[in-house]
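**Q** Could you look at this predicted model? Sequence included:
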Amino acid sequence: MIEENTPVMTEPELVRLEEQVNNLLELLGRLTKENRSLRAQQESLATERAGLLEKHDQVRNRVDAIVTRLKSLETGI
């Protein structure tokens, strides 16, 4: 039983509300898909960064070794 003070929605209001809900569900789907894509991209970039940091350390160690050899040659002259 509906009380006298309870607002009743008209058919156009219900249709508009249904459209809004459908739009929100569509937006939720797009944002969920985008979120998955961004998380995958973030994971890929983090992996790439770790590889670059490892290469950077290797190069730095090689440069340090070269500098050490050059210094030893310099003092040996």
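**A** Nice, I can see it.
**Q** Okay, now the unreliable bits of this protein?
**A** Counting by pLDDT under 70, the ranges of the chain that qualify are 1-4, 77.
**Q** does Pro7 count as helix, strand or coil?
**A** The three-state label given to Pro7 by DSSP: H, G, I helix; E, B strand; the rest coil is coil.
**Q** Report how many residues lie close to it.
**A** Close neighbours of Pro7, defined as other C-beta atoms under 10 Å, add up to 7. From N, CA and C alone the C-beta is placed, and that goes for glycine too.
**Q** Val8 too?
**A** 6.
**Q** State the distance from it to Lys55.
**A** Look at Val8 and Lys55: by C-beta to C-beta, to the nearest Å, they are 69 Å apart.
**Q** same thing with Gln20?
**A** 52 Å.
**Q** same thing with Asn61?
**A** Taking C-beta to C-beta, one finds Asn61 at 11 Å from Lys55.
**Q** Using PDB, write out every CA atom in stretch 59-68.
**A** Only the C-alpha atoms of stretch 59-68 are listed here, as PDB (Å, rounded to 0.1, in the frame of the first residue of the first chain):
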ATOM      1  CA  VAL A  59      77.300  -0.500 -17.500                       C
ATOM      2  CA  ARG A  60      78.300   1.500 -14.400                       C
ATOM      3  CA  ASN A  61      80.300  -1.500 -13.200                       C
ATOM      4  CA  ARG A  62      82.000  -1.800 -16.600                       C
ATOM      5  CA  VAL A  63      82.800   1.900 -16.700                       C
ATOM      6  CA  ASP A  64      84.200   1.600 -13.100                       C
ATOM      7  CA  ALA A  65      86.400  -1.300 -14.200                       C
ATOM      8  CA  ILE A  66      87.700   0.600 -17.200                       C
ATOM      9  CA  VAL A  67      88.500   3.700 -15.100                       C
ATOM     10  CA  THR A  68      90.300   1.400 -12.600                       C
END
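**Q** quick one: the helices in this structure?
**A** With DSSP state H, the ranges of helices along the chain come out as 11-76.
**Q** Off-centre distance for stretch 62-76?
**A** 43 Å (C-alpha atoms, centre = their mean, to the nearest Å).
**Q** and what of stretch 61-75?
**A** Distance, stretch centre to chain centre, for stretch 61-75: 42 Å (C-alpha atoms, centre = their mean).
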